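Chemist: what shape does this take:
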Amino acid sequence: MLGFAFLIVLFFIVAFYKEWKITSFDPALAASLGIPVIVMHYIFMSLVSVTTVAAFDAVGAIMVVAMLITPAASAYLWTDKLSVMLVISSSIGIISAILGYFIAILIDTSISGSMAFATGILFIISFVFSPKHGLISKYVRPAKADVITSEG
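Modeler: The predicted model follows:
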């Protein structure tokens, strides 16, 4: 069931990537270009619902919430480009799943809880070390110098 949901979602993301990008970030422009903004919104929400329901059945509530929110939030800290964000978010989800699985095996605990923990660890790493939005970059970045201008 998850494989079928994955194929459906992947098809719609690839087929309507440009339209969702425009409707998500500038709905007025999308409407002026003739893209049905409301229809695109409800299709997107339906795909999120299908994915969530299929995932709840397979992995449980903790994993669904952790894997929907945390990889995307972490990826947002690293880039502002949507296409790159999708790749980073997917990579963080995969790394979190693998890392969480090995943590669970190592300390003999819940696999889904360990995967959620791994997403949290990767988010904290992103929050601290992100080059644009990270804590360290805000303190290392040089302060803007005051520019004195003279007229005349």
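
Chemist: got a list of what I107 touches?
Modeler: Going by C-beta atoms under 8 Å, 6 or more residues apart in numbering, I107 touches S114. For every residue, glycine as well, the C-beta is placed using N, CA and C.

Chemist: now do the strands in the protein.
Modeler: Assigned strands in the chain: none (criterion: DSSP state E).

Chemist: which segments of this protein make up each domain?
Modeler: Listed by automatic domain parsing, the domain ranges of the chain are 1-59, 60-141.

Chemist: for those domains, which one ends up most surrounded?
Modeler: domain 60-141 (a mean of 16; mean count of other C-beta atoms under 10 Å).

Chemist: if we can go back for a sec, using JSON lines, please lay out the domains of the chain together with mean pLDDT.
Modeler: Compiled in JSON lines, these are given as follows (pLDDT from 0 to 100):
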{"stretch": "domain 1-59", "mean pLDDT": "89"}
{"stretch": "domain 60-141", "mean pLDDT": "90"}
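
Chemist: identify the residues contacting the spatially most central residue of the chain.
Modeler: Centroid-nearest residue in the chain, with C-alpha atoms, centre = their mean: A72, separated by 1.5 Å. Residues in contact with A72 (C-beta under 8 Å, 6+ apart) are 85, 89.

Chemist: try H41
Modeler: H41 touches T23, counting by C-beta under 8 Å, 6+ apart.

Chemist: ok, the closest residue to A97 other than its chain neighbours to I124 distance?
Modeler: Of all residues beyond its chain neighbours, the one nearest A97 is M115 (5.4 Å), with distances taken as C-beta to C-beta, 6 or more residues apart in numbering. To I124, M115 is 15 Å away according to C-beta to C-beta, to the nearest Å.
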